[in-house]
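Colleague: turn this into a structure:
(one chain, ligands or ions: 1)
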Amino acid sequence: MSQFQIAVVVGSLRKDSFNRKLAAALAKLAPPEYSFQEVQISDLPLYNQDDDASQAPAVKRLKAEIAGSQGLLFVTPEYNRSLPGVLKNAIDHASRPYGQSAWAGKPAGVIGISVGAIGTAVAQQHLRTILAYLDVPTLGQPEAFIQAKDGLFEVDGSIGAGSRKFLQGWMDRYLEWIKQHAL
Ligand SMILES: Cc1cc2nc3c(=O)[nH]c(=O)nc-3n(C[C@H](O)[C@H](O)[C@H](O)COP(=O)(O)O)c2cc1C
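Modeller: This next block holds a predicted model:
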């Protein structure tokens, strides 16, 4: 079994999501001591504080997956210059009931890809604000704002030659961050 289980949170439900593809390609850049598992957020209900005392099975599953991980990887698109609602919904669910947040202390990396020229920069900044409040130590540098372009991915889904060095460097720093902060 890998030493470090990483819970991957993809902020898109789209079947052909660039962000899910990026998450899969990044996982290939890590050594075997790290394993990556995407958490499902598509079946979460809309967050309602009335349900805090009896959280839905999908919410309990999400919280258990986060609790069982040694680190988090957020890979998100930018929607209207912020993070997608589905991602915020998942974050809110796993942060509750008050005092029982699954997120606290889990080290994280934030990255994202979009078709826009600033490559999810604003969404990532908004996400960092939320993660700071939730006491999630988040890798600050390097930042990675990826724009979807031809050649970014090879046909087998791995990172194309033009971006491999940069993204390998990002991953190396991220993996070190997880190792340093793993609970
Ligand atoms: C509701 C909506 C809002 C969007 N807003 C932005 C935006 O603010 N900035 C941006 O770069 N791209 C924006 N896009 C385009 C996304 O970058 C693009 O749809 C991308 O493929 C989404 O990521 P995914 O492929 O992982 O689903 C938006 C797309 C949608 C559907």
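Colleague: from here on, contacts and neighbour counts on C-alpha atoms
Modeller: OK.
Colleague: what backbone torsions are found at residue 148?
Modeller: Dihedral pair for residue 148: phi -70, psi 120, per degrees, to the nearest 10.
Colleague: please name the nearest non-neighbouring residue to it.
Modeller: Nearest residue to residue 148, sequence neighbours excluded (Cα to Cα, 6 or more residues apart in numbering): residue 115, at 5.1 Å.
Colleague: how close does the residue lying closest to residue 151 once chain neighbours are set aside get to the ligand?
Modeller: Nearest non-adjacent residue to residue 151, counting by Cα to Cα, 6+ apart: residue 160, 5.8 Å away. Between residue 160 and the ligand the computed distance is 17 Å (Cα to the nearest ligand atom, to the nearest Å).
Colleague: who does the most centrally placed residue in the chain bridge with?
Modeller: Residue closest to the mean C-alpha point of the chain, counted by Cα atoms, centre = their mean, is residue 74 at 1.3 Å. As for beta bridges, residue 74 partners with residue 9, residue 110 under DSSP bridges.
Colleague: I figured it hits residue 19, correct?
Modeller: No. Between residue 74 and residue 19 there is no contact under Cα atoms under 8 Å: 9.5 Å.
Colleague: list the buried ones in the longest helix along the chain?
Modeller: Secondary structure of the chain per DSSP state H: the longest helix is helix 161-181. Neighbour counts over helix 161-181 (16 or more other Cα atoms under 10 Å) mark 164, 167, 168, 170, 171, 173, 174, 175, 177, 178, 179 as buried.
Colleague: and the first one, how far from the ligand?
Modeller: Yep, that's residue 164 we're talking about. 19 Å.
Colleague: do you know how far that residue is from residue 110?
Modeller: Distance, residue 164 to residue 110, using Cα to Cα, to the nearest Å: 18 Å.
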